[in-house]
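Engineer: pasting the sequence and the predicted coordinates here, then a few questions.
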Amino acid sequence: MADNMANTTSGIGQPVSRIDGPLKVSGRAKYAAEYDAPDLLHAVVVNATITRGRIRSIDASAALALPGVIKVITHENRPHVALFCLSYLDTVAPPGRPFKPLYDAEILFDAQPIAVVLGETYEAARDGAALVTATYDVERHHTDLTSRLDKAYRPLIPRLGIPRPPKPRGDADAAFDAAPIKVEATFSHAQEHHNAMEMFATTAAWETDGSITVYDKTQGSQNVRLYLKNSLNLRMKHVRVVNAYVGGAFGSGLRPQHSVFLAVLAAKATKRSVRLMLTRAQMFGLAYRPDTIHSVSLACDADGSLQAVRHFATATTSRHENYQEVVVNWSGLLYACENVKTNHKLVKVDTVTPADMRAPGAAIGVFGLESAMDELAYAADLDPLALRLRNYIDYDQNTKLEITSKALKSCYSEGAERFGWSDRDPAPRSMREGHELVGWGMAGGVWAAEMAPLPARARATWRADGRLEITAAASDIGTGTYTILAQIAAEAFGIGVDDIEVRIGDSTLPFNPVEGGSWMAASTGAAVQKACEKLKTAIVKAARTLPGGDGLKGRDVIFADGAISASALGKPVAITEVLRSAGHQELAAVGTNLPHLLGGRKHVGYAHSAVFAEVRVDETLGVLRVPRIVSAVGAGRILNPKTARSQIIGGVVMGIGQALHEEAMTDHRLGRLMNRNFAEYHIPAHADIGQIDVIFVDEPDPRVSPLGVKGLGEIGIVGVAAAVANAVFHATGKRVRDLPITIDKIRA
């Protein structure tokens, strides 16, 4: 079918501003806690004050005596819920026994919810929650990874979609021992918490017929809907979940959080609408990036060719689930080496189950690998960039499959040129300006470029008012999904994005998996593209009712500016006229994008990056700042360079947070997280961020996905922490292997 993109400012590849931007900046975009609901109650969660044990008793009498408090729900008086763990599984749950909120008296982790206080006002519920007390039978807890390394194990059941560490190849131990140049180092990092701007919140709107509309902060409306149906014994047709706007999530919203369960449980108990919003402190009681200790051993010959790679990691998980990430696999993938040995183990601790956080596994594992590569470069007296080029490889050694495209060399060269890498004096402590030591470091990055593991569907509808409507149960967590879906449709029909209405974030819309893994653009975008092509076919069929339209073929038709053109028609005809002629109020078509088949794959896809960082360290005080970072990214086709750049900037900022700021501090005597606020849990502020220069290298890749895109949500953070740490060594001569890098570690 011939196409003509008349509106060249709106289609794929154009820097279109976010179509949802005006709604957000004007306050008209509603988030989970902002929806109106009839007969609304307010709910506040009461948290446990021990880390492990059992509730002996709960006293809610003082709360119930408070004016405005309606009910206090505990495990003793809750409505009926599902009995078996299977009913609490969601579509992305790890192996194990999912947490069942308010199910019984057992306490599994600090700040576990033990009660929900319902009030006519938020203030009444809040004050009532402060009056609920509990007594406990306390059991011994363990929250310290370092003290339980001897308990590390490899889980028998892998997490769905998470590849196990590859089998060893060659003889890494013998090759390491025989190599003339080698480094061994141990790396670690503290827990990190997602801390998106929007709190976890749910507004459960109860209807008189027993149906319920749940406005929730989530990355998957249909995942939450299925979870609520099974765990609370609701009828699927009576549950609708809406997440039209999500104020950031970074992986914390992949699984349903206990806030949505408790809100709907309360609505079920009272037959009234309920709003529940967690506090910032309670957000720290949710899932987190697990603290991890990993050792990396690298060896090379005299010219820098890698002879051995060993990478072993141990991370925390909860006692009830086996959460797993891809931490070590990247070390057998990124560089050419015949002798590789990796392993990833878990240690059970008394915490909530960890969760995916932007580039799960890669943000941790690549930090260790790329820091060790920097150490090896110094040991071999090679430029860090030269060492990486020496060991460049363009196929996946783990799977022995061809990579669809790999533009990492272009990332290296374009990033180095933009940064000015050739001007770097390689000696540590050799560059300074005034009282500051100047350091330049670099690192590579990689992330899997995949489509969603489940089918993604989208519907395209041409309405009688002349507007094109695109619908899908996809999510936009700030990534620009609304805009790129509109651009894909705009290109298909040769119209502007202003003529398109995109509706997403609703469980009643065509099926989509959870938003994660950097697969939304590739999967839902392809579904939109297919839906548009099918709709164009339907419009051509309808156009055969027009004068001269007999025998009209799709290849003869041009779509542009809301009309179709063909020599047989004589002049352009508005699509609305085509609909009227054929007797249609509207025409719609559904497109489905299927995931890659589990077997028989001949190639794999990855996005790559090269990150160059400059740090400046006050020689007297040890105060560190990052004035500039250059991130060169190879991610296939860029649908929108404006929103894409924003994605990489966001990833770099989070990478700086990982490198220098974010550190959950637990008092292991209490098993309690102590810094549950932004005063003590530091995240980067505007003053902490310097210039971030983003480069997208040219990387056509028609095989990686139907649209040729690789996704950008994760690759922006990968390699940033290593580049900063390597720059700190170059500036100071001090190698810091434990994140975050703080003044005390630099000056130790």
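Structural biologist: Received the coordinates, thanks. Numbers count the residues shown, from 1 in each chain.

Engineer: outline the domain layout of the protein.
Structural biologist: Under the assignment automatic domain parsing, the domains of the chain span 21-26+452-593, 402-450+600-748.

Engineer: of all those, which lies closest to Trp206?
Structural biologist: For Trp206, the closest of the domains of the chain is domain 21-26+452-593, at 16.7 Å, according to C-beta to C-beta. Heads up, the C-betas are built off the backbone N, CA and C, glycines and all.

Engineer: now do the same end-to-end measure for that closest one.
Structural biologist: In domain 21-26+452-593, first residue to last residue: 28 Å (C-alpha to C-alpha, to the nearest Å).

Engineer: among the domains of the chain, which is nearest Ala379?
Structural biologist: It is, among these and with distance given as C-beta to C-beta, domain 402-450+600-748, at 11.8 Å.

Engineer: now do the closest one, average pLDDT.
Structural biologist: Mean pLDDT, computed over domain 402-450+600-748, is 96.

Engineer: end-to-end on that domain?
Structural biologist: With C-alpha to C-alpha, one end of domain 402-450+600-748 sits 46 Å from the other.

Engineer: ditto for stretch 443-456
Structural biologist: 34 Å.

Engineer: what do you get for stretch 568-587?
Structural biologist: End-to-end distance for stretch 568-587, by C-alpha to C-alpha: 22 Å.

Engineer: how far does that stretch sit from its chain's centre?
Structural biologist: 43 Å (C-alpha atoms, centre = their mean, to the nearest Å).

Engineer: and for it, what are the contacting residues?
Structural biologist: 461-466, 535, 538-539, 542-543, 545-549, 551-552, 556, 560-565 (C-beta atoms under 8 Å, 6 or more residues apart in numbering).

Engineer: before we move on, back to that, figure out which of the domains of the chain is closest to Asn223.
Structural biologist: Here domain 21-26+452-593 is closest among the domains of the chain (C-beta to C-beta), at 5.2 Å.

Engineer: re earlier: just the ones of the contacts of stretch 568-587 in helices?
Structural biologist: 535, 538-539, 542-543 (DSSP state H).

Engineer: just the buried residues of the contacts of stretch 568-587.
Structural biologist: 461-463, 535, 538-539, 542-543, 546, 549, 552, 556, 560-565 (16 or more other C-beta atoms under 10 Å).

Engineer: about what we covered before: closest to Leu64 out of the domains of the chain?
Structural biologist: Across the domains of the chain, Leu64 has its closest neighbour in domain 402-450+600-748 (27.6 Å, C-beta to C-beta).

Engineer: and the strands in the stretch 151-300 of the chain?
Structural biologist: Applying DSSP state E, counting those that start in this stretch to the stretch 151-300 of the chain gives strands spanning 181-189, 201-206, 212-216, 239-242, 273-277, 292-300.

Engineer: partner strands of the fifth one and their direction?
Structural biologist: Just to be clear, that refers to strand 273-277. Paired neighbours of strand 273-277 in the sheet (DSSP bridges): strand 40-47 (parallel), strand 201-206 (antiparallel).

Engineer: export that strand as PDB, just CAs?
Structural biologist: Output of strand 273-277 as PDB, limited to C-alpha atoms (Å, rounded to 0.1, in the frame of the first residue of the first chain):
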ATOM      1  CA  SER A 273     -15.100   3.700  47.800                       C
ATOM      2  CA  VAL A 274     -11.700   3.800  49.400                       C
ATOM      3  CA  ARG A 275      -8.600   5.900  48.800                       C
ATOM      4  CA  LEU A 276      -5.200   4.700  50.200                       C
ATOM      5  CA  MET A 277      -1.900   6.500  49.600                       C
END
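
Engineer: please, where are all the strands along the stretch 551-700 of the chain?
Structural biologist: Counting by DSSP E, counting those that start in this stretch, the strands of the stretch 551-700 of the chain are 558-560, 563-565, 573-574, 586-593, 603-604, 606-618, 624-634, 666-667, 672-673, 691-696.

Engineer: pick the most deeply packed of the ones you listed.
Structural biologist: Most buried of the strands of the stretch 551-700 of the chain by mean neighbour count (mean count of other C-beta atoms under 10 Å) is strand 606-618; its value is a mean of 28.

Engineer: just to revisit the earlier point, for Thr314, find the nearest of the domains of the chain.
Structural biologist: Closest approach to Thr314 among the domains of the chain (C-beta to C-beta): domain 402-450+600-748, 14.5 Å.

Engineer: coming back round to it: redo the strands of the stretch 151-300 of the chain as TSV? Include distance to Glu325.
Structural biologist: Listed next are those as TSV, based on distance: least, C-beta to C-beta, whole Å:
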stretch	distance to Glu325
strand 181-189	13
strand 201-206	27
strand 212-216	25
strand 239-242	27
strand 273-277	29
strand 292-300	8
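
Engineer: could those be laid out in CSV, adding distance to Pro428 and mean neighbour count?
Structural biologist: CSV is the format used below for the strands of the stretch 151-300 of the chain (distance: least, C-beta to C-beta, whole Å; neighbours: other C-beta atoms under 10 Å):
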stretch, distance to Pro428, mean neighbour count
strand 181-189, 15, 18
strand 201-206, 48, 26
strand 212-216, 50, 26
strand 239-242, 54, 23
strand 273-277, 49, 25
strand 292-300, 19, 24
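
Engineer: Val138: which of the strands paired with strand 273-277 is closest?
Structural biologist: Per C-beta to C-beta, nearest to Val138 of the strands paired with strand 273-277: strand 40-47, 15.5 Å.

Engineer: how far does the closest one sit from its chain's centre?
Structural biologist: 28 Å.

Engineer: equivalent analysis for stretch 395-410, please.
Structural biologist: Distance of stretch 395-410 from its chain centroid, counting by C-alpha atoms, centre = their mean, is 23 Å.

Engineer: need the contact list for the closest residue to Lys553 other than its chain neighbours.
Structural biologist: Spatial nearest neighbour of Lys553, chain neighbours left out: Val540 (7.5 Å); criterion: C-beta to C-beta, 6 or more residues apart in numbering. The neighbours of Val540, taking C-beta under 8 Å, 6+ apart as the test, are 1, 552-554, 557, 564.

Engineer: and the furthest pair within those?
Structural biologist: Lys553 and Ile564 (12.1 Å).

Engineer: follow-up on the earlier one: how about the strands of the stretch 551-700 of the chain, which one is nearest Ala267?
Structural biologist: Comparison of those against Ala267 by C-beta to C-beta identifies strand 672-673 as nearest, at 29.7 Å.

Engineer: which residues does that closest one contact?
Structural biologist: Residues contacting strand 672-673 (C-beta under 8 Å, 6+ apart): 51, 110-111, 191, 284-285, 664-666.

Engineer: need the buried ones from the residues you listed selected in PyMOL.
Structural biologist: The following PyMOL line selects those of these that are buried, judged by 16+ other C-beta under 10 Å:
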select buried, resi 51+110+111+191+284+285+664+666
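
Engineer: export the contacts of strand 672-673 as JSON lines, with columns for distance to Ala489.
Structural biologist: Formatted as JSON lines, these follow (distance: C-beta to C-beta, whole Å):
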{"residue": "Thr51", "distance to Ala489": "51"}
{"residue": "Asp110", "distance to Ala489": "47"}
{"residue": "Ala111", "distance to Ala489": "44"}
{"residue": "Gln191", "distance to Ala489": "41"}
{"residue": "Phe284", "distance to Ala489": "40"}
{"residue": "Gly285", "distance to Ala489": "41"}
{"residue": "Ala664", "distance to Ala489": "42"}
{"residue": "Met665", "distance to Ala489": "48"}
{"residue": "Thr666", "distance to Ala489": "48"}
